[in-house]
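Student: Sequence first, predicted model second:
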Amino acid sequence: MTITLNAAPPRLRAELVVLDERFTKIAGDEYLECLYDGGRWLEGPAYSPAWRCLVFSDIPNDRLLRWDEFSGQVSAFRQPSGYVNGNTIDRAGRLISCSQGDRQVVRTEYDGSRTVLASHLDSSGSSRRLNSPNDVVERSDGSIWFTDPPYGITSSYEGHAAEQEIDGCHVYRIAPDGALTVVADDFIRPNGLAFSNDESQLYVVDTPGKHIRRFDVDGEKLTGGEVFAPCEGGMFDGIRFDNTGRVWAATHEGVHCFDPDGTLIGKLVLPDVVSNLTFGGPKGNRLFITATTSVWSWLTNVQAAPR
(Lines give C-alpha, C1' and ligand atoms only; values in the text may rest on other atoms or scores of the structure.)
Protein backbone atom coordinates (compact mmCIF):
# COMPACT_ATOMS: atom_id res chain seq x y z
CA MET A 1 0.00 0.00 0.00
CA THR A 2 1.46 3.34 -1.08
CA ILE A 3 0.64 6.35 1.05
CA THR A 4 0.31 9.69 -0.72
CA LEU A 5 2.02 12.72 0.76
CA ASN A 6 -0.53 15.13 2.15
CA ALA A 7 -0.80 18.69 0.87
CA ALA A 8 1.89 20.53 2.81
CA PRO A 9 4.88 22.77 2.15
CA PRO A 10 7.40 20.42 0.50
CA ARG A 11 10.30 22.51 1.77
CA LEU A 12 11.28 24.37 4.92
CA ARG A 13 14.08 26.90 5.10
CA ALA A 14 16.96 25.53 7.17
CA GLU A 15 17.07 27.88 10.16
CA LEU A 16 20.45 27.49 11.84
CA VAL A 17 21.19 29.21 15.14
CA VAL A 18 24.92 29.62 15.78
CA LEU A 19 25.78 29.68 19.49
CA ASP A 20 29.48 28.94 19.16
CA GLU A 21 31.92 29.53 16.32
CA ARG A 22 32.45 25.76 16.06
CA PHE A 23 28.96 25.48 14.60
CA THR A 24 29.88 27.74 11.66
CA LYS A 25 31.61 24.74 10.04
CA ILE A 26 28.23 23.06 9.62
CA ALA A 27 26.31 23.81 6.43
CA GLY A 28 23.95 22.16 3.98
CA ASP A 29 21.01 22.73 1.68
CA GLU A 30 19.14 25.99 2.09
CA TYR A 31 15.93 24.01 2.57
CA LEU A 32 14.79 20.90 4.40
CA GLU A 33 12.61 18.52 2.38
CA CYS A 34 9.36 17.15 3.72
CA LEU A 35 9.33 13.43 2.90
CA TYR A 36 6.04 12.64 4.63
CA ASP A 37 3.47 14.55 6.68
CA GLY A 38 0.64 12.11 7.33
CA GLY A 39 1.60 10.75 10.73
CA ARG A 40 0.11 11.13 14.16
CA TRP A 41 3.32 10.88 16.24
CA LEU A 42 6.36 9.77 14.26
CA GLU A 43 9.44 8.20 15.83
CA GLY A 44 12.33 5.79 15.38
CA PRO A 45 13.90 6.67 11.99
CA ALA A 46 16.40 4.02 10.84
CA TYR A 47 18.18 4.15 7.49
CA SER A 48 18.95 0.91 5.64
CA PRO A 49 21.87 1.17 3.16
CA ALA A 50 20.91 -2.19 1.65
CA TRP A 51 17.26 -1.32 1.10
CA ARG A 52 18.05 2.37 0.33
CA CYS A 53 15.12 3.40 2.45
CA LEU A 54 14.14 4.96 5.75
CA VAL A 55 11.97 2.94 8.13
CA PHE A 56 10.10 4.93 10.77
CA SER A 57 7.29 4.48 13.29
CA ASP A 58 3.85 6.06 13.51
CA ILE A 59 3.21 4.91 17.06
CA PRO A 60 -0.46 5.84 17.79
CA ASN A 61 -1.48 4.50 14.35
CA ASP A 62 0.31 1.22 15.18
CA ARG A 63 2.33 1.04 11.99
CA LEU A 64 5.84 1.02 10.60
CA LEU A 65 6.31 3.05 7.42
CA ARG A 66 8.97 2.94 4.72
CA TRP A 67 10.24 5.84 2.59
CA ASP A 68 11.94 4.68 -0.61
CA GLU A 69 15.01 6.68 -1.59
CA PHE A 70 14.59 6.06 -5.32
CA SER A 71 10.88 6.68 -5.82
CA GLY A 72 10.28 9.05 -2.92
CA GLN A 73 7.15 7.04 -2.08
CA VAL A 74 6.02 6.15 1.44
CA SER A 75 4.38 2.78 1.99
CA ALA A 76 3.33 0.60 4.90
CA PHE A 77 6.16 -1.63 6.09
CA ARG A 78 4.14 -3.39 8.81
CA GLN A 79 0.68 -2.81 10.25
CA PRO A 80 -0.10 -3.57 12.99
CA SER A 81 3.43 -3.11 14.20
CA GLY A 82 3.05 -3.77 17.92
CA TYR A 83 3.15 0.01 18.50
CA VAL A 84 6.83 0.09 17.61
CA ASN A 85 8.80 3.09 18.84
CA GLY A 86 12.59 3.10 18.31
CA ASN A 87 14.35 1.20 15.50
CA THR A 88 17.90 0.46 14.44
CA ILE A 89 19.57 -1.53 11.67
CA ASP A 90 22.05 -4.09 13.00
CA ARG A 91 25.38 -4.89 11.39
CA ALA A 92 23.81 -7.79 9.50
CA GLY A 93 21.26 -5.44 7.91
CA ARG A 94 18.30 -6.58 9.98
CA LEU A 95 15.75 -4.28 11.60
CA ILE A 96 15.64 -4.26 15.40
CA SER A 97 12.58 -2.59 16.92
CA CYS A 98 11.19 -1.61 20.31
CA SER A 99 7.63 -2.92 20.37
CA GLN A 100 5.83 -0.88 23.01
CA GLY A 101 2.53 -2.67 22.58
CA ASP A 102 4.01 -6.15 22.88
CA ARG A 103 6.52 -4.99 25.52
CA GLN A 104 9.34 -6.62 23.57
CA VAL A 105 12.50 -5.96 21.62
CA VAL A 106 12.15 -7.77 18.29
CA ARG A 107 14.31 -8.41 15.23
CA THR A 108 12.95 -8.67 11.69
CA GLU A 109 14.70 -11.52 9.88
CA TYR A 110 15.55 -11.61 6.19
CA ASP A 111 12.38 -13.57 5.40
CA GLY A 112 10.18 -11.06 7.24
CA SER A 113 9.61 -13.20 10.32
CA ARG A 114 10.22 -11.71 13.75
CA THR A 115 12.43 -12.98 16.55
CA VAL A 116 11.78 -11.81 20.12
CA LEU A 117 15.09 -10.74 21.67
CA ALA A 118 13.75 -9.62 25.08
CA SER A 119 10.36 -9.57 26.78
CA HIS A 120 10.82 -10.44 30.47
CA LEU A 121 13.31 -9.73 33.23
CA ASP A 122 14.04 -12.91 35.16
CA SER A 123 15.38 -12.29 38.65
CA SER A 124 14.88 -13.56 42.21
CA GLY A 125 12.91 -16.52 40.92
CA SER A 126 10.32 -14.39 39.12
CA SER A 127 9.71 -13.36 35.53
CA ARG A 128 8.33 -9.87 34.99
CA ARG A 129 7.31 -8.23 31.73
CA LEU A 130 9.26 -5.25 30.50
CA ASN A 131 7.55 -1.84 30.69
CA SER A 132 7.59 -0.73 27.05
CA PRO A 133 10.97 -0.73 25.25
CA ASN A 134 11.60 2.70 23.75
CA ASP A 135 14.91 3.10 21.90
CA VAL A 136 17.65 0.67 20.92
CA VAL A 137 21.26 0.54 19.70
CA GLU A 138 23.70 -2.22 18.82
CA ARG A 139 27.33 -2.50 19.90
CA SER A 140 29.99 -4.05 17.67
CA ASP A 141 30.24 -7.12 19.93
CA GLY A 142 26.68 -8.01 18.92
CA SER A 143 25.06 -6.89 22.17
CA ILE A 144 21.80 -4.90 22.06
CA TRP A 145 21.19 -2.02 24.49
CA PHE A 146 17.78 -0.43 25.05
CA THR A 147 15.76 1.83 27.33
CA ASP A 148 12.48 0.85 29.00
CA PRO A 149 10.23 3.69 30.22
CA PRO A 150 6.48 3.05 30.68
CA TYR A 151 5.06 5.22 27.86
CA GLY A 152 3.39 2.25 26.15
CA ILE A 153 1.50 1.10 29.25
CA THR A 154 0.48 4.35 30.97
CA SER A 155 -2.46 4.59 28.53
CA SER A 156 -3.71 2.95 25.35
CA TYR A 157 -2.61 5.85 23.13
CA GLU A 158 0.79 4.37 22.29
CA GLY A 159 0.21 0.78 23.37
CA HIS A 160 -2.00 -0.98 25.90
CA ALA A 161 -2.75 0.34 29.38
CA ALA A 162 -1.34 -2.11 31.90
CA GLU A 163 0.28 -2.39 35.30
CA GLN A 164 4.02 -1.90 35.55
CA GLU A 165 5.58 -5.18 36.66
CA ILE A 166 9.16 -3.94 37.08
CA ASP A 167 10.01 -1.53 39.86
CA GLY A 168 11.61 1.28 37.88
CA CYS A 169 12.59 2.31 34.38
CA HIS A 170 15.96 0.92 33.42
CA VAL A 171 18.59 0.63 30.70
CA TYR A 172 19.20 -2.96 29.56
CA ARG A 173 21.77 -5.02 27.70
CA ILE A 174 20.96 -8.12 25.66
CA ALA A 175 24.08 -10.25 25.37
CA PRO A 176 24.86 -12.09 22.11
CA ASP A 177 23.68 -15.28 23.83
CA GLY A 178 20.34 -13.65 24.71
CA ALA A 179 20.92 -12.99 28.42
CA LEU A 180 19.16 -9.83 29.62
CA THR A 181 20.71 -7.65 32.35
CA VAL A 182 20.03 -4.24 33.87
CA VAL A 183 22.98 -1.90 33.27
CA ALA A 184 21.54 1.32 34.76
CA ASP A 185 18.67 1.60 37.24
CA ASP A 186 18.72 5.23 38.48
CA PHE A 187 16.70 6.93 35.74
CA ILE A 188 13.32 8.62 35.92
CA ARG A 189 12.42 7.67 32.34
CA PRO A 190 15.36 6.77 30.08
CA ASN A 191 14.78 7.46 26.41
CA GLY A 192 17.19 7.96 23.50
CA LEU A 193 20.67 6.42 23.67
CA ALA A 194 23.79 6.21 21.54
CA PHE A 195 27.35 4.93 21.79
CA SER A 196 30.30 7.24 21.30
CA ASN A 197 32.22 6.61 18.10
CA ASP A 198 34.80 4.39 19.82
CA GLU A 199 32.06 2.69 21.89
CA SER A 200 33.90 3.51 25.12
CA GLN A 201 30.92 5.54 26.36
CA LEU A 202 27.14 5.30 26.27
CA TYR A 203 25.03 8.45 26.27
CA VAL A 204 21.46 8.14 27.56
CA VAL A 205 18.65 10.69 27.68
CA ASP A 206 16.52 11.05 30.80
CA THR A 207 13.55 12.91 29.35
CA PRO A 208 11.85 14.18 32.56
CA GLY A 209 15.30 14.93 33.97
CA LYS A 210 15.87 17.19 30.95
CA HIS A 211 19.44 16.06 30.42
CA ILE A 212 21.77 13.61 28.68
CA ARG A 213 23.95 11.40 30.87
CA ARG A 214 27.29 9.87 29.92
CA PHE A 215 28.49 6.46 31.10
CA ASP A 216 31.78 4.66 30.64
CA VAL A 217 31.36 1.20 29.12
CA ASP A 218 33.30 -1.41 31.09
CA GLY A 219 32.75 -4.59 29.12
CA GLU A 220 29.19 -5.60 29.98
CA LYS A 221 28.70 -2.92 32.62
CA LEU A 222 28.32 0.87 32.89
CA THR A 223 30.10 3.16 35.31
CA GLY A 224 29.87 6.89 35.90
CA GLY A 225 26.68 8.49 34.63
CA GLU A 226 27.38 12.19 35.06
CA VAL A 227 25.27 14.77 33.23
CA PHE A 228 26.77 15.51 29.81
CA ALA A 229 24.36 18.29 28.85
CA PRO A 230 21.09 19.85 30.08
CA CYS A 231 18.22 20.60 27.71
CA GLU A 232 17.55 24.26 26.91
CA GLY A 233 14.61 23.59 24.60
CA GLY A 234 11.94 21.66 26.44
CA MET A 235 13.06 18.03 26.75
CA PHE A 236 15.38 15.64 24.94
CA ASP A 237 14.26 12.54 23.05
CA GLY A 238 16.45 10.70 20.50
CA ILE A 239 20.20 11.32 20.04
CA ARG A 240 22.86 10.44 17.45
CA PHE A 241 26.59 11.02 16.91
CA ASP A 242 28.26 12.34 13.79
CA ASN A 243 31.70 11.32 12.57
CA THR A 244 33.47 14.06 14.55
CA GLY A 245 31.95 13.00 17.88
CA ARG A 246 29.34 15.76 18.04
CA VAL A 247 26.02 14.82 19.64
CA TRP A 248 22.80 15.70 17.79
CA ALA A 249 19.70 15.68 19.98
CA ALA A 250 15.96 15.89 19.33
CA THR A 251 14.23 18.58 21.39
CA HIS A 252 10.92 20.43 21.54
CA GLU A 253 12.31 23.31 19.47
CA GLY A 254 14.29 21.35 16.89
CA VAL A 255 17.67 19.64 16.77
CA HIS A 256 20.46 20.69 19.14
CA CYS A 257 24.13 20.09 18.34
CA PHE A 258 26.68 19.56 21.12
CA ASP A 259 30.46 19.60 20.86
CA PRO A 260 32.17 16.55 22.41
CA ASP A 261 33.01 18.73 25.43
CA GLY A 262 29.28 19.18 26.15
CA THR A 263 28.91 22.73 24.82
CA LEU A 264 25.68 23.49 22.96
CA ILE A 265 27.17 25.00 19.80
CA GLY A 266 24.10 25.39 17.60
CA LYS A 267 20.54 24.52 16.70
CA LEU A 268 18.49 23.53 13.68
CA VAL A 269 15.07 25.02 14.43
CA LEU A 270 11.86 23.26 13.31
CA PRO A 271 8.22 24.30 13.73
CA ASP A 272 7.18 21.06 15.46
CA VAL A 273 8.41 18.99 18.38
CA VAL A 274 11.24 16.72 17.21
CA SER A 275 11.17 13.13 18.46
CA ASN A 276 14.19 11.54 16.83
CA LEU A 277 16.80 11.70 14.09
CA THR A 278 19.37 9.65 12.22
CA PHE A 279 22.01 10.11 9.54
CA GLY A 280 21.70 8.17 6.29
CA GLY A 281 21.98 8.26 2.53
CA PRO A 282 24.79 6.79 0.38
CA LYS A 283 27.36 9.11 1.99
CA GLY A 284 25.81 9.23 5.44
CA ASN A 285 25.34 12.99 5.11
CA ARG A 286 21.56 13.17 4.98
CA LEU A 287 19.94 14.03 8.30
CA PHE A 288 16.49 12.44 8.69
CA ILE A 289 14.26 14.01 11.34
CA THR A 290 10.91 12.84 12.71
CA ALA A 291 8.97 15.84 14.00
CA THR A 292 5.46 15.19 15.33
CA THR A 293 3.48 14.38 12.15
CA SER A 294 6.26 14.82 9.59
CA VAL A 295 9.57 13.42 8.37
CA TRP A 296 12.14 15.95 7.18
CA SER A 297 15.53 15.48 5.54
CA TRP A 298 18.48 17.84 5.26
CA LEU A 299 21.49 17.19 3.05
CA THR A 300 24.48 18.51 4.95
CA ASN A 301 28.27 18.47 5.12
CA VAL A 302 28.06 16.42 8.33
CA GLN A 303 28.42 12.64 8.07
CA ALA A 304 27.20 9.76 10.19
CA ALA A 305 29.41 8.20 12.82
CA PRO A 306 31.39 5.26 11.43
CA ARG A 307 30.11 1.81 12.27
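Tutor: All right, it came through fine. Numbering: from 1, shown residues only.
Student: For the residue nearest to Cys169 when sequence neighbours are not counted, identify the helix or strand it belongs to.
Tutor: The spatial neighbour of Cys169 that comes closest, neighbours along the chain excluded (CB to CB, 6 or more residues apart in numbering), is Pro149 at 4.6 Å. For the C-beta atoms, the positions are set from N, CA and C on the backbone; glycine is no exception. Secondary-structure element containing Pro149, defined by DSSP states H and E: none, the residue being outside all helices and strands.
Student: right, and Pro149 touches Asn134 too?
Tutor: Yes. When contacts are counted by CB atoms under 8 Å, Pro149 is listed as touching Asn134 (5.4 Å).
Student: check contacts around Thr147.
Tutor: Going by CB atoms under 8 Å, 6 or more residues apart in numbering, Thr147 touches 133-136, 169-172, 187, 190-193, 204.
Student: just Arg63 next, same as before
Tutor: Listed by CB under 8 Å, 6+ apart, the contact partners of Arg63 are 57, 76-81.
Student: Tell me which entries of those residues lie within strands.
Tutor: With strands defined by DSSP state E, the entries of these inside them are 57, 76-78.
Student: Among the contacts of Arg63, which one has the most neighbours?
Tutor: Neighbours here are counted as other CB atoms under 10 Å. On that basis the top member of those is Ser57, with 33 neighbours.
Student: what's around the closest residue to Ala305 other than its chain neighbours, how many residues?
Tutor: Leaving aside its sequence neighbours, Ala305 sits nearest to Phe241 (CB to CB, 6+ apart; 4.2 Å). Other residues near Phe241 number 20, with proximity taken as other CB under 10 Å.
Student: Wasn't Phe241 part of a strand?
Tutor: Yes. With the criterion set as DSSP: H, G, I helix; E, B strand; the rest coil, the secondary structure at Phe241 is a strand.
Student: and Ser127, bridged to which residues?
Tutor: The partner list for Ser127 in beta bridges (DSSP bridges) reads Asp122.
Student: Does Phe23 belong to a helix, a strand or coil?
Tutor: Phe23 carries the three-state label helix when classified by three-state DSSP.
Student: Correct me if wrong: it contacts Leu16.
Tutor: Yes. The pair Phe23 / Leu16 is scored as a contact, 7.5 Å apart, by CB under 8 Å.
Student: Identify the residues contacting Thr300.
Tutor: With contact set as CB under 8 Å, 6+ apart, Thr300 has these partners: 26-29, 285-287.
Student: burial count for the nearest residue to it once chain neighbours are set aside?
Tutor: When the adjacent residues along the chain are set aside, Thr300 lies closest to Gly28, with 3.2 Å between them (CB to CB, 6+ apart). Applying other CB under 10 Å, we find 17 residues neighbouring Gly28.
Student: where does Gly28 sit relative to Glu163, distance-wise?
Tutor: 46 Å (CB to CB, to the nearest Å).
Student: Pro149 and Asn134: which has the busier surroundings?
Tutor: The residue with more neighbours, out of Pro149 and Asn134, is Asn134; 28 against 25, by other CB under 10 Å.
Student: does that one count as helix, strand or coil?
Tutor: Three-state secondary structure (criterion: three-state DSSP) places Asn134 in coil.
Student: List the beta-bridge partners for the spatially closest residue to it that is not a sequence neighbour.
Tutor: Setting aside the residues directly before and after it, Asn134 is nearest to Thr147 in space (CB to CB, 6+ apart), at 4.7 Å. With beta bridges defined as DSSP bridges, Thr147 has these partners: Val171.
Student: Which neighbouring elements make contact with the lengthiest strand in the chain?
Tutor: With secondary structure taken from DSSP E, the chain has its longest strand at strand 221-230. Contact partners of strand 221-230 among helices and strands, from 3 or more CB pairs under 8 Å, 6 or more residues apart in numbering; DSSP states H and E: strand 180-187, strand 211-218, strand 247-251.
Student: All good on my end, thank you.
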